[in-house]
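Asker: below: sequence and its predicted model.
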Amino acid sequence: MTASGTDQRQQLAYVAAQAADARLNVEIETEGMTLNIGPQHPATHGTLRLVARLDGEQVVEAEPIMGYMHRGYEKLAEVRTYPQITTLINRIDWLGSFANEVPFILAAEKLMEVEAPPRAQWIRTALFELSRIANITLFLGDMAVQLGAVTPVFMAFRDREFVLNQIEAATGGRFHPNFDRIGGLKDDLPRGWIEDTKQAMEKMRNFCDEFEELVLGNEIFQARCRGIGIVPPEVGLAYGLSGANVRASGVDWDLRRDGQEALAYDQIDWRVWTHPDGDSFARYWVRLQETREATHMVDQLLDGLPPGPIMAKVPRIIKVPGGEAYAATENPLGEMGYYIVSKGDLVPFRVKIRSASFSNMSITPWLLKGVYVPDIITILASLYFILGDIDR
Amino acid sequence: MSSTETGADAEAGAQPDRRREDWADKMADALGEGCLEHHIIPGSDLWVRVTRDSWTGAATAARDRLGCAFFDWLSAIDWLPSPYGRDMDAQEDNPEPRAAGATEQGYAGGETRFQMVMRLYSVTDHLGITIKADLPDGDLSIDTLIPIFAGANWHEREAWEMFGIRFNGHPDLRNIYLPGEFEGNPLRKDFPLLARRVKPWPGIVDVELFPGEEDS
């Protein structure tokens, strides 16, 4: 464990407080009550409803209720051609939209046995990482605001603009790029984009440094997060947790490094961040490090950008040969994958969308059992979900 | 018009995939008669089809023998040819509902209309496995995976409401997305997509040109 002296003392103090409260609960008879959080509640950032049965300040049972935003993408995908589907799936995780398109396109390319040219792969990877920064930046501010610190969220929204501007400049879409195509990309990068993006990455590194002090160094933040919502690695994996949520529990697994999809990650120098603690603090810490790592990755990708075409030869009307394929990538929220069943049609026969937040949230009934009411917010915020990614 | 490079040239350059073959052997070894068929695409993926009774056994074997600690997802496939869906080259939806004929199955085969699919992954070996099981048409039920992978809970609730598959031993089999009183199972092929029935789809008229490509 990496906890220093002060942290250990804080943890001990927390455990002592919990023990005292537990004793109190025995002495005072409390009446159970049911607390509805949401569907419209600032702490749920989206239309998620959480029904918590409380005993005093402690949660006996908590259950998220979803479906307020279910759009039925799996059904809709069955009547749309492959290029049309990318428009739909942009709306799954709306904070990092480009990252939604990539695994779908990769799965379709697998079935068609088409591979995008190297330049397209590199630009894809760079845009993928930009989406990650745009997405996680908001998490970094949002979790702080849920714990009572108002400034970070404004800083996050301010600095996220730098990245969104670059995504918009390259793709034309600020939130929903719809830029990825089977066999490559819609367009090459605009002139001057590389320089601008590198400057933006410099700003984002400053942002990360600032947050490391402002949020992670904050005593109140640490007291609210350390030791809260500990996810043991084997439990996390059995619940299907992926991405930073299991890396914060010490699982050294990242589909960018370990996956078999054809992206440019194996050609740049970067590392996977893990944290042994598995608590809310660790999840925040891992995501912050990953954001900084992503800025370095974008720099390297833009430096090494190979010349050449951005589109492989594909037929104009895309008919995907019959078969089944699953492709998954390491999206900002965790593993996102598409299982495509094709029967050689213009439209897929069945698309199963494996979205990260759905599995990440499925651990909440287990994790919220026995915690205190303020910790619900910490845990939900640190697990990090996007409603569109749960409801699809 | 660019030339078509797609086709059935999968055999070209196909090398045996030792690790996946090893996994398939281990599954066959663990399940015996319960393991029906497997399919490997070298360097890409592995499919194993098991009997319905071996469903939980297959999950246990994958977890304990193959080290697949990560529960990726679980769902189902309805292999009925869509009576409503768009034909391959039709400009509009097929107005005549097709008769339910013989269903054409995917990798690792299948015999019935509904097929369960689950995917497990090993975070140490970085390999995944897709396990399938057929459900008899008259009895759409299968044992729950919750005792093996707790994360199966929500996925099974989703398969229940979307396909109407009952999971024996599931403690809380309620709708997860749809309202409780919702009738029908939306992801079944014979469940009509109302928006398409009400308003005809404009059809395949808006094919976008790729950069640098001229219309031909």
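Answerer: Now that the structure is in, tell me what you want to look at.

Asker: just the helices in chain B please.
Answerer: Along chain B, counting by DSSP state H, helices occupy B:18-31, B:55-64, B:152-163, B:194-198.

Asker: would you confirm that residue B:71 contacts residue B:123?
Answerer: No. The criterion here is Cβ atoms under 8 Å, and residue B:71 misses it with residue B:123 at 11.1 Å. Placement of C-beta: from N, CA and C, glycine included.

Asker: of those two, who's got more company?
Answerer: Counted by other Cβ atoms under 10 Å in any protein chain shown, residue B:71 and residue B:123 do not tie: residue B:71 has more neighbours, with 27 against 20.

Asker: residue contacts, the closest residue to that one other than its chain neighbours?
Answerer: Nearest non-adjacent residue to residue B:71, counting by Cβ to Cβ, 6 or more residues apart in numbering or on different chains: residue B:149, 3.9 Å away. Listed by Cβ atoms under 8 Å, 6 or more residues apart in numbering or on different chains, the contact partners of residue B:149 are A:238-240, B:59, B:63, B:71, B:120.

Asker: select from the residues you listed the one having the most neighbours.
Answerer: The most crowded member of the contacts of residue B:149 is residue A:240, carrying 31 neighbours; neighbours defined as other Cβ under 10 Å.

Asker: where does the prediction get shaky in the chain?
Answerer: Let's take chain A. Counting by pLDDT under 70, chain A contains low-confidence ranges at A:1-7, A:9-31, A:38-46.

Asker: hmm, no, I was thinking of chain B.
Answerer: B:1-15, B:83-104, B:196-216.

Asker: show me where it has strands.
Answerer: For chain B, applying DSSP state E gives strands covering B:35-41, B:45-50, B:70-78, B:114-122, B:127-135, B:141-143, B:166-168.

Asker: could I get these as JSON lines with distance to residue A:134?
Answerer: Converted to JSON lines, these look like this (distance: least, Cβ to Cβ, whole Å):
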{"stretch": "strand B:35-41", "distance to residue A:134": "34"}
{"stretch": "strand B:45-50", "distance to residue A:134": "31"}
{"stretch": "strand B:70-78", "distance to residue A:134": "26"}
{"stretch": "strand B:114-122", "distance to residue A:134": "27"}
{"stretch": "strand B:127-135", "distance to residue A:134": "28"}
{"stretch": "strand B:141-143", "distance to residue A:134": "41"}
{"stretch": "strand B:166-168", "distance to residue A:134": "38"}
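
Asker: and residue A:142, which of the ones you listed is closest to it?
Answerer: Closest of those to residue A:142 is strand B:70-78, at 26.6 Å (criterion: Cβ to Cβ).

Asker: how big is the angle separating the closest one from strand B:114-122?
Answerer: 160 degrees (axes from the mean of the first three to the mean of the last three Cα atoms, to 10 degrees).

Asker: strand B:70-78 vs helix B:152-163, what angle?
Answerer: Per the same axes, to 10 degrees, the angle that strand B:70-78 makes with helix B:152-163 is 10 degrees.

Asker: can you spell out which helices and strands pack onto strand B:70-78?
Answerer: The helices and strands touching strand B:70-78, judged by 3 or more Cβ pairs under 8 Å, 6 or more residues apart in numbering or on different chains; DSSP states H and E, are helix A:233-238, strand A:334-342, strand A:350-354, strand B:114-122, helix B:152-163.

Asker: out of these, which gets nearest to residue A:170?
Answerer: strand A:334-342 (21.1 Å).

Asker: could you find the closest non-adjacent residue to residue A:389?
Answerer: Distances taken as Cβ to Cβ, 6+ apart place residue A:357 nearest to residue A:389, at 3.7 Å, with adjacent residues excluded.

Asker: what about the one you found, helix or strand, and which?
Answerer: helix A:356-361 (DSSP states H and E).

Asker: which other helices and strands contact that helix?
Answerer: By 3+ Cβ pairs under 8 Å, 6+ apart, helix A:356-361 packs against strand A:334-342, helix A:387-391.

Asker: C-terminal to it, what's the next element?
Answerer: helix A:364-367.

Asker: hmm, that next one touching chain B?
Answerer: Yes. Interface with chain B: helix A:364-367 contributes residue A:366 (Cβ under 8 Å from any Cβ of the partner chain).

Asker: so what's the gap between that helix and the chain middle?
Answerer: 19 Å (Cα atoms, centre = their mean, to the nearest Å).

Asker: on that earlier part again, of all the helices of chain B, which lies closest to chain A?
Answerer: helix B:152-163 (4.4 Å; Cβ to the nearest Cβ).

Asker: which one of the helices and strands packed on strand B:70-78 is the most hemmed in?
Answerer: Looking across the helices and strands packed on strand B:70-78 with neighbours counted as mean count of other Cβ atoms under 10 Å in any protein chain shown, the highest average goes to strand A:334-342: a mean of 25.

Asker: tell me which strands that one pairs with, and in which orientation.
Answerer: Strand pairing for strand A:334-342, using DSSP bridges, gives strand A:323-331 (antiparallel), strand A:350-354 (antiparallel).

Asker: separation between the closest residue to residue B:53 other than its chain neighbours and chain A?
Answerer: Computed as Cβ to Cβ, 6+ apart, the closest residue to residue B:53 that is not its neighbour in sequence is residue B:34, at 6.5 Å. Remark: distance between residue B:34 and chain A (Cβ to the nearest Cβ, to the nearest Å) = 22 Å.

Asker: just to revisit the earlier point, what would the helices and strands packed on strand B:70-78 look like in JSON lines with distance to residue A:369?
Answerer: Formatted as JSON lines, these follow (distance: least, Cβ to Cβ, whole Å):
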{"stretch": "helix A:233-238", "distance to residue A:369": "12"}
{"stretch": "strand A:334-342", "distance to residue A:369": "22"}
{"stretch": "strand A:350-354", "distance to residue A:369": "26"}
{"stretch": "strand B:114-122", "distance to residue A:369": "26"}
{"stretch": "helix B:152-163", "distance to residue A:369": "14"}
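
Asker: ok, which of those comes nearest residue A:325?
Answerer: Of all the helices and strands packed on strand B:70-78, strand A:334-342 comes closest under Cβ to Cβ, at 5.5 Å.

Asker: tell me how far the closest one lies from the chain's centre.
Answerer: Relative to the chain's own centre, strand A:334-342 is displaced by 16 Å; criterion: Cα atoms, centre = their mean.

Asker: format the helices of chain B as TSV; extra columns: distance to chain A.
Answerer: Below are the helices of chain B laid out as TSV (distance: least, Cβ to the nearest Cβ, whole Å):
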stretch	distance to chain A
helix B:18-31	12
helix B:55-64	9
helix B:152-163	4
helix B:194-198	6
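
Asker: I figured residue B:154 was touching residue B:176, is that so?
Answerer: Yes. Proximity of residue B:154 to residue B:176 meets the contact threshold set by Cβ under 8 Å, at 6.0 Å.

Asker: quick one, what contacts residue 143?
Answerer: Picked chain A for this. A:284, A:381-382, A:384.

Asker: switch to chain B, that's the one I care about
Answerer: Residue B:143 makes contact with B:55-56, B:167-169, according to Cβ under 8 Å, 6+ apart.

Asker: do residue A:324 as well
Answerer: Residues in contact with residue A:324 (Cβ under 8 Å, 6+ apart) are A:111, A:339-342, B:47, B:106-107, B:130.

Asker: ok, now with 7 Å
Answerer: Residues near residue A:324 by Cβ atoms under 7 Å, 6 or more residues apart in numbering or on different chains: A:340-341, B:106-107.

Asker: what separates residue A:382 from residue A:289, distance-wise?
Answerer: Note on residue A:382: its distance to residue A:289, by Cβ to Cβ, to the nearest Å, is 15 Å.

Asker: burial count for residue A:246?
Answerer: 29.

Asker: how close does the residue nearest to it when sequence neighbours are not counted sit to residue A:243?
Answerer: Closest residue to residue A:246 apart from its sequence neighbours, by Cβ to Cβ, 6+ apart: residue A:236 at 4.8 Å. Taking Cβ to Cβ as the measure, residue A:236 falls 10 Å from residue A:243.
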